[in-house]
Each structure stands twice: as C-alpha cells, then as structure tokens.
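S.K.: Could you work out the structure for the sequence below:
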Amino acid sequence: MKLNWQENKINLSKALPLDAPSDWKRWSVVVCADWAPRFGHWQTLEKEPRALYGDLLPIIQKADLAMVNVEGVLADEPLTPIVKDGIILQMPTQVALALSAVPFQLACLANNHIFDCGVAGLTQTQAVLCNHGLESVGAGLSLAEAETPKFFQFGSTRLAVINVAEGEEGRSVNGQAGVAPLDIGRLQKQLSVLRTQVDVLLVVAHAGRENFPMPVPHIQTAYRAIIEAGADLVIGHHPHVAQGVEIYQGKPIVYSLGNFAFLMGSTQKQHLWGYFLKANFYGPHLSEIELWPYHVGEHGLSLLTGKDWTEALQKLANLSDLITDEKRFREIWEAYAARWWAVSGAEELADSVASLTEWSHLLQSMLKAALPNFTSNWFKHRLARALIWRSIHWLERRNQSTMQSRINAESQHVASILRNRFDTVTHRELYLLVLKRIMDGKIGQTEDWANQQLIEWDN
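M.R.: Numbering: from 1, shown residues only. As a prediction, the model looks like this:
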C-alpha cells in the first residue's frame, strides 16, 4: 500500500461487503501526541483555551473520539517530586481547560512524566481530567488498573484503546502504582483476550529514542509484534520528533507523531513540527488514515501550508522508506550509535560514575591497573605488589565506611540517570549496540551516506 504524499492519506480499504449491516457506521478517531502547555502556550490558553490549536481545531472536533497524551502532572499546590532522570513536569489545573474546550474525550497517561510527583500527582491529575470530562487510560494505582483498556461504541462496532509506555521511573513495578509497561509478553496475552471481545484494537505507545527521527530497532520489533498479536493500529509518541509510517501485515504502525502542544525551548526544526493522525473507519474496518502536519509555534499550533506542507510530507515519505529498508535501517543506527558514543555517551557514563564515587575510587582503580607492571619475582616487584595491595585494601575499607556520607541529592539524581540508562530498554539497547561494535572492532566503521544523513537531520 502506497501513501499518497500529496493528499496526506493512506487508503487501507479492501473490498468492503456490499451487504454491510445497517448498524455499521462511519466513525473516526484523532490521536494527538505530547501535550504539556508551557511558556507561550500557557499565555495563549489563559486568554482563550481553544486558540492554542489554531486551524487544527475543526479537524480534531470532527472526530468521534479525540485523544491526547497528557505529559505531566496537573496540580496547583507544590508536590514532592520523585527522584528521576529528566525534568519534572507539573502544570496548574487551569491548563485542563484547553482539553475540555476541544473537547478531547480521552487522555493517554502512559508516559514518563505522569508519575513525576508519585501517587499524589497521578491521583490529582486523574481527578482534574475527570472533572473536565475526560476519561484516562494507561496509568493507575495498580498494574491491573494501569493496563485496563478503555472501551467505546460506534454503532455496532466496539473499540478498545490500550496505552503503554517504557515509562522509565514511572513504570508500575511489582503490581504497584504507575504506568502500564511496554511488555510484549503481557500485551500479547491481553490482545488475545480482547480480540474476542471487541471489533477494533488500538494501541498507543510512549517509547523510543528522543530527538532522533528513526525508531529504535527493538521498538520496530515490538510494534510489529503488537500487530501480529491482533492490534489494528499502533501509534507512537515520546521521541519529540516526527518519525515515519509502516504498513505491516496490512495494518499501520505510526512510529512517532512528534511534539504536539509541547514547547522544548529548542530552535531545531525537527522539534517545531509534528503531525496528528485521523483514522477513518467503516464499521470494524479501518479504511483510511490521514496525517496532518503542523507547526509548533511559540504561542500555539497551526497547520503547515504550501511548501512547508509538501516538505513535511516528503520527509515522512523518506523516513518511511528508510524504516522498511532493512540494510539501510541497520546502517543508520550503527552510525547514530557511533556518533552518540563519541559525542556524549562515553562522557555521560564517565561523568556519572565519577559523580557517584570520589578520589579514593579513582586511586583504587589506578592501583589495580598498575599491578600488571610488577609481575616478576624481583624483590622490588614483590615489594611494589605488597604495597599496592595494602593500599587497595585500605581504600576498600575507607570506601565502605564513607559510603553513606556521600549520599546526597546530587548523587541520587546521578544514580537515577544511570539506572534509567540500564533499566529502560531503549537506552540499554543503545549501550549494548555500542559495546558490541567495540568488541567487533567496528565502532568507527560507518557508512558515508548514513553519516551525511545524520548531519542533514541535525540542520
């Protein structure tokens, strides 16, 4: 199936039955990405909430169901933040007027910010959304609640919406409060059950590598597995940049919608545009999806027009082609991994480890590294080995006795960064790719076309 990049539509219709049941109706769903009005967006909605969406508003309002990713806590009083990697997003409850004014009917909460202020932030946000007429999905006071789908009825057609995320520090752990995890094993079982209960399955996922217009390889594998398990449509966000579309086994995977009402303080072009998706159905059949690219302006959103519209759709076309080219997809990720490690990855790891330790750990490591220089049976070498080992053992005892005194807010934050890197699959997979490339002696061996592509994406 080919995307008509001039008309921003993918036609998915097969031969529809001529004798369709009379209670089949035409209905549509709009899915929007990251929503956290701050800076100029906050100033706009204070004056007129609907003005935030500009000329996107009429298209969103025509949908039978409109959903958006609410990327942060809604509460007026200061709440205690959790220890985590990244910024804390808490917004005053007044911003919810920009949700009910559209109106959006469903808030997706499976993301890495809804739990920024723990259980108190989550429950207050859910209450605010409910008071403004929105249901929510993807987070809860237990894993069971977080994983519970939301159901909607359109004529005789029943829709289930599932919302999951990598979640980082907000993931539900051991069944406790948090967001529904992107756990393929659990999703496969859930989708298998739901497939017998509903007509349409829509999965919205918040995952992937931020600020890069290609899906992570394991995310592609995961989203394809969700389609194989029975989903009719998979839609992603979180990377803060637009990514392409893949038709897999006849069903769409939209890897990232980019930013929505979310200003990052960035002037990079890729952060200043995104697209929302409108999925059109006839009864239980997904007949078409529409991609609507827009500009994320300082004071609100506006549809792209003219040359900007054409260029945005062409970018999506190029990104989509690259996703399905297995060889080039692998090469671009190898190039990205090499550059990331050289520019920031190795430094971040070294700085984080250094921040969690002190001079004595560094000296201990240096002494151990020096031992291979004194391997003979000469008296001077034996004496050196003995002195080095005495020093190492003294340093070990010192480090153990002073460990608790070194715990402070800075070390806790650094620990959260490292834990996130090792515990969140997207970050961990990048480290593993780099380490494998180093082991194979290939870390600097990347394709010229891929290196050039990375430069173009940065501009």
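S.K.: CA atoms for contacts and neighbours, from now on please.
M.R.: Will do.
S.K.: CA atoms only for the longest strand seen in the chain, dumped as PDB, please.
M.R.: Criterion DSSP state E: the longest strand present in the chain is strand 285-296. Output in PDB follows, covering the C-alpha atoms of strand 285-296 (Å, rounded to 0.1, in the frame of the first residue of the first chain):
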ATOM      1  CA  HIS A 285     -12.900  -1.800   9.000                       C
ATOM      2  CA  LEU A 286     -10.000   0.800   9.100                       C
ATOM      3  CA  SER A 287     -10.500   2.300   5.700                       C
ATOM      4  CA  GLU A 288      -8.000   5.200   5.800                       C
ATOM      5  CA  ILE A 289      -5.600   7.200   7.900                       C
ATOM      6  CA  GLU A 290      -4.900  10.900   7.400                       C
ATOM      7  CA  LEU A 291      -1.600  12.600   8.500                       C
ATOM      8  CA  TRP A 292      -1.900  16.300   9.400                       C
ATOM      9  CA  PRO A 293       1.400  18.100   9.700                       C
ATOM     10  CA  TYR A 294       1.500  21.300  11.800                       C
ATOM     11  CA  HIS A 295       3.900  23.900  13.100                       C
ATOM     12  CA  VAL A 296       4.600  24.100  16.800                       C
END
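S.K.: which strands and helices sit next to the helix or strand just after that strand?
M.R.: Sequence-wise, the next helix or strand downstream of strand 285-296 (DSSP states H and E) is strand 301-303. Packed against strand 301-303 by the contact rule (3 or more Cα pairs under 8 Å, 6 or more residues apart in numbering; DSSP states H and E) you find strand 285-296.
S.K.: Walk me through which strands the strand it packs on pairs with, and which way each runs.
M.R.: Here strand 285-296 is paired, per DSSP bridges, with strand 9-11 (antiparallel), strand 273-282 (antiparallel), strand 301-303 (antiparallel).
S.K.: do you know which of those lies nearest residue 432?
M.R.: Closest approach to residue 432 among these is made by strand 273-282 (30.0 Å; Cα to Cα).
S.K.: Which positions within that closest one qualify as buried?
M.R.: 273-282 (16 or more other Cα atoms under 10 Å).
S.K.: same question, stretch 254-272
M.R.: Quick answer for stretch 254-272 (16+ other Cα under 10 Å): 254-263, 270-272.
S.K.: Could you single out the nearest of the residues you listed to residue 212?
M.R.: Checking those against residue 212 by Cα to Cα gives residue 270 as the nearest, at 8.9 Å.
S.K.: give the contact list for that closest one.
M.R.: Each residue near residue 270 by Cα atoms under 8 Å, 6 or more residues apart in numbering is listed here: 241-242, 457.
S.K.: same question, residue 28
M.R.: 63-65, 278-281.
S.K.: now, which of those sits nearest residue 311?
M.R.: Among these, and counting by Cα to Cα, the member closest to residue 311 is residue 278, at 19.9 Å.
S.K.: right, and the closest one touches residue 30 too?
M.R.: Yes: counting by Cα atoms under 8 Å, residue 30 is a contact partner of residue 278 at 4.4 Å.
S.K.: Show me whatever sits in contact with both of those two.
M.R.: Shared contacts of residue 278 and residue 30, counting by Cα under 8 Å, 6+ apart, come down to residue 63.
S.K.: Domain ranges for this protein, per the record?
M.R.: Split into domains by automatic domain parsing, the chain comes to 9-14+25-324, 332-458.
S.K.: Out of those, which one sits most buried?
M.R.: Among the domains of the chain, domain 9-14+25-324 has the highest mean neighbour count (mean count of other Cα atoms under 10 Å), at a mean of 20.
S.K.: now that domain: how far from the chain's centre is it?
M.R.: 10 Å (Cα atoms, centre = their mean, to the nearest Å).
S.K.: a helix runs through residue 427, doesn't it?
M.R.: Yes: counting by DSSP: H, G, I helix; E, B strand; the rest coil, residue 427 is located in a helix.
S.K.: Go ahead and confirm it touches residue 419.
M.R.: No: between residue 427 and residue 419 there is no contact under Cα under 8 Å: 10.0 Å.
S.K.: shaky segments in the stretch 251-400 of the chain?
M.R.: For the stretch 251-400 of the chain, the stretches with pLDDT under 70 are 357-362.
S.K.: again, 80 this time
M.R.: The model of the stretch 251-400 of the chain has pLDDT under 80 over residues 353-367, 395-396, 398-400.
S.K.: just the stretch 1-150 of the chain next, same as before
M.R.: 1-6, 13-19.
S.K.: tell me, how many neighbours does residue 17 end up with?
M.R.: Burial measure for residue 17: 7 neighbouring residues, criterion other Cα atoms under 10 Å.
S.K.: quick one: the helices in the stretch 51-200 of the chain?
M.R.: Remark: helices assigned in the stretch 51-200 of the chain by DSSP state H, counting those that start in this stretch are 57-61, 97-100, 118-131, 143-147, 184-194.
S.K.: out of those, nearest to residue 347?
M.R.: That would be, of those and by Cα to Cα, helix 118-131, which comes in at 30.5 Å.
S.K.: What is the closest one packed up against?
M.R.: strand 73-74, strand 135-137.
S.K.: okay, that helix in CSV with CA atoms only?
M.R.: The C-alpha atoms that make up helix 118-131 are tabulated as CSV, following Å, rounded to 0.1, in the frame of the first residue of the first chain:
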residue,chain,number,x,y,z
GLY,A,118,4.3,10.0,42.6
VAL,A,119,0.9,8.7,43.6
ALA,A,120,-0.3,12.1,44.8
GLY,A,121,0.4,13.7,41.4
LEU,A,122,-1.2,10.8,39.5
THR,A,123,-4.4,10.8,41.5
GLN,A,124,-4.8,14.6,41.4
THR,A,125,-4.3,14.6,37.6
GLN,A,126,-6.9,11.8,37.1
ALA,A,127,-9.4,13.8,39.3
VAL,A,128,-8.7,17.0,37.3
LEU,A,129,-9.2,15.2,34.0
CYS,A,130,-12.4,13.6,35.2
ASN,A,131,-13.8,17.0,36.4
